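Peer 1: Below is the sequence, then the predicted model.
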Amino acid sequence: MRLLLIEDDATLGGGLRDFLAGDGYRVDWVTSLAAAAGLEREPYDAWLLDWNLPDGSGLDWLAGQRARGAATPAIVLTARDRLDERIRGLDSGADDFLVKPFAPEELVARLRALARRSAGLGAGQRVIGEVTVDLHARQVVRGGAAVALTAREWQILEALVLRAGRVVAKHELDALASGFDGEASSNAMEVHVSKLRRKLGHAVIETVRGLGYRVPR
């Protein structure tokens, strides 16, 4: 999953970025809403945002995103814990609400739950023919046998499974799979997808000519 973390506390932000990266997430961390504004067109699987930021309210920023039709799942991170504040956060467009201080392991568990809901996966698994993709365990099984994927191959497959049934453009898929460290060449993406098809079968990833790639829902 590719995440946008908006958090001005250097200790917390750096710690979360490193912990999440160590758990396989791709994290872009910014410390202000002004910095986040430059990333609003970037594709993310989830936003993690502080309520109180140096240049404004993260909740107001989220409400503005929702008003413009953005559907990216969001978890608000804040020290505010009153019932009316939690209700306000959810009504402003947050999908979840995590009160500081919190254990990073709980945040990861909430991200897994968010992914399940967003992708309509009851147990975090997608079955496509003889292939089972387990997002929690980061494992793929084909015909009863485990399939070994490279890190980039997994990132591409995960991004498509989280958007099952939807066509994902090559440039969006590259951004989701690799963040700012992506390979600029569309040919590189085609090579990775070709390798995935050899391992999983051609029915798992469909090419929609001129648009991008899709896995069936």
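Peer 2: Everything's here; your move.

Peer 1: pLDDT weak spots in this structure?
Peer 2: Applying pLDDT under 70 to the chain picks out residues 122-123, 179-186.

Peer 1: one more time with 90
Peer 2: 40-41, 80-83, 85-86, 88-89, 92, 113-126, 135-137, 177-189, 210, 217 (pLDDT under 90).

Peer 1: Which parts of the chain are helices?
Peer 2: Listed in chain order, the helices of the chain (DSSP state H) span 10-22, 33-37, 58-67, 83-91, 104-119, 151-161, 170-178, 186-200.

Peer 1: mind putting those helices in a markdown table, mean neighbour count and distance to R209 included?
Peer 2: In this view, the C-beta of every residue, glycine as well, is placed from N, C-alpha and C. A markdown table is the format used below for these (neighbours: other C-beta atoms under 10 Å; distance: least, C-beta to C-beta, whole Å):
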| stretch | mean neighbour count | distance to R209 |
| --- | --- | --- |
| helix 10-22 | 15 | 35 |
| helix 33-37 | 16 | 34 |
| helix 58-67 | 18 | 32 |
| helix 83-91 | 14 | 41 |
| helix 104-119 | 16 | 25 |
| helix 151-161 | 22 | 16 |
| helix 170-178 | 20 | 12 |
| helix 186-200 | 16 | 13 |
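
Peer 1: Measure how buried the residue nearest to D81 when sequence neighbours are not counted is and give me the count.
Peer 2: Using C-beta to C-beta, 6 or more residues apart in numbering and skipping residues adjacent in sequence, the residue nearest D81 is V99, 4.6 Å away. By the criterion of other C-beta atoms under 10 Å, V99 has 13 neighbours.

Peer 1: Spit out the contact partners of V99.
Peer 2: Listed by C-beta atoms under 8 Å, 6 or more residues apart in numbering, the contact partners of V99 are T78, A79, R80, D81.

Peer 1: Ok, V193 next?
Peer 2: With contact taken as C-beta under 8 Å, 6+ apart, V193 is in contact with I156, I205, T207, Y213.

Peer 1: Next, the residue nearest to the spatial centre of the chain: phi, psi?
Peer 2: Centrality entry for the chain: nearest residue to the mean C-alpha point is D45, 2.3 Å, by C-alpha atoms, centre = their mean. Main-chain torsions, D45, degrees, to the nearest 10: phi -90, psi -20.

Peer 1: can I assume it is in contact with A115?
Peer 2: Yes. Counting by C-beta atoms under 8 Å, D45 touches A115, with 7.1 Å between them.

Peer 1: Quick check: bridge partners of the residue nearest to D81?
Peer 2: Taking DSSP bridges as the rule, V99 bridges to T78.

Peer 1: Many thanks, I have nothing further to ask.
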